[in-house]
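Q: This is a predicted model, with the sequence first.
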Amino acid sequence: MNIKIVGLVIVAGVVGTLVYSQSQRPESMPDLGGANGWLNSPPLGVKSLRGKIVLIDFWTYTCVNSLRPMPYVKAWAAKYQDVGLVVIGVHTPEFSFEHERPNIEWATRTFNIAFPVAIDSDYNIWRAFHNEAWPAQYIVDGKGEIRYRHYGEGEYVEMERVIQKLLKENGSAKVAEDTVSVSGVGAEAAPSNDQRTPETYVGYQQAKDFASPEKVARDSRRTYTVPASPSLNQWGLGGTWNVGPEAAVLQAIPGKVLFRFHSRDLNLILAPAKAGKPLRFKITLDGAAPGENSGADSAADGSGEIREPRMYQLIRQNGFPIIDHTFEIEFLDPGAQVLDFTFG
């Protein structure tokens, strides 16, 4: 199971599924009044949702772990909307640009999310639910009580069975017995079974396995050299960068980032300079153009552009078995912000 955890522990003591039994005292659903705004809906609250089965899905748009369950969440919203299910996405940001409403609107359109989305940029709903992970799902019964919670990816059949059970308990007579079968594409596609490289942050606040010979200079300009022979899961910078707590920002061209990884997919969270001008890049896999192993956001010759702050899928390998590879991205314009590598 893939999960992105915030903080040191998971509240509730489990990572996975927790279904409340009849003998346990259920927890009431917290109010949603702390949202900074809503998309696809007027504001929703506990009173207006009473009598409905509610699925709350915590997500953030740069997190691949949040995006891969989304095809199921969208399918459930469409399948059960006429028999009493309300799906609400709670968008709680990780990175600074994810607080901005236009970026959340862009992501909601891009991923074809039609159900209500609560903008939780101040973490008010997150704290009310005592949530500490992306993604996280909560299913609430018609009495407003949380009957199910789940952290991470997977458990989709089990989750849908809970939805069906609670809909029937709530008096819905026309609840389908089958479960959805979906196949996500691009960033929403299911992960591979051979991932040996963990998520790796570039900003110094959470960075690890940095292998350039120069020591990171925090919040100041320094010239770095890419490591000559990085070990698996090591990475480095080349060129002149300013490494901040959240991101490394390229100060002048040429500038490179190199990573030795083992997984089918390599994703990189990137942002353009504040002016918003598209920034060009070129990637290689083991020193050559990626060809058929290019991702959704890179061409076969390795070229691509940063146009908005988001996750870019740069490598999706088509060959098997998966082996260790060296990835390199060279930026052809200054100002690129590099935040986080994720894999699948």
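A: That came in fine, so what should we check first?
Q: Arg280 versus Ser172, what's the distance?
A: 53 Å (Cβ to Cβ, to the nearest Å). The C-beta positions use only the backbone N, C-alpha and C, and glycine is treated the same way.
Q: oh sorry, the question was meant for Thr110
A: Shown here: Thr110 relative to Arg280, a distance of 21 Å by Cβ to Cβ.
Q: what are the ranges of the helices in the stretch 151-300 of the chain?
A: Counting by DSSP state H, counting those that start in this stretch, the stretch 151-300 of the chain has these helices, from start to end: 156-169.
Q: Could you list the low-confidence segments of it?
A: 275 (pLDDT under 70).
Q: Leaving out the residues flanking it, which one is nearest to the spatially most central residue of the chain?
A: Centre of the chain computed as the mean C-alpha position; nearest residue by Cα atoms, centre = their mean is Cys63, 1.3 Å away. Distances taken as Cβ to Cβ, 6 or more residues apart in numbering put Trp134 closest to Cys63, at 4.8 Å, once the chain neighbours are dropped.
Q: Look up how far Trp38 lies from the one you found.
A: When Cβ to Cβ is applied, the distance between Trp134 and Trp38 equals 20 Å.
Q: With neighbour numbers in mind, choose between these two.
A: Comparing Trp134 with Trp38 by other Cβ atoms under 10 Å, the one with more neighbours is Trp134, at 25 against 15.
Q: In whichever strand in the chain runs longest, which residues are buried?
A: Secondary structure of the chain read by DSSP state E shows that its longest strand is strand 248-261. Buried residues in strand 248-261, defined by neighbour count with 16 or more other Cβ atoms under 10 Å: 248-250, 253, 255-261.
Q: cool, and stretch 150-167?
A: By neighbour count, with 16+ other Cβ under 10 Å as the criterion, the buried positions of stretch 150-167 are 150-156, 159-160, 162-167.
Q: Going by distance to Arg68, which of those residues wins?
A: Nearest to Arg68, judged by Cβ to Cβ, of these is Glu153 at 5.6 Å.
Q: in terms of contact, does the closest one touch Met70 like I think?
A: No: counting by Cβ atoms under 8 Å, Met70 is not a contact partner of Glu153; they are 10.5 Å apart.
Q: From the chain's centroid, how far away is the helix or strand where Ala107 lies?
A: With elements delineated by DSSP states H and E, Ala107 resides in helix 101-110, which encompasses its position. Taking the mean of its C-alpha atoms, helix 101-110 sits 14 Å from the chain's own mean (Cα atoms, centre = their mean, to the nearest Å).
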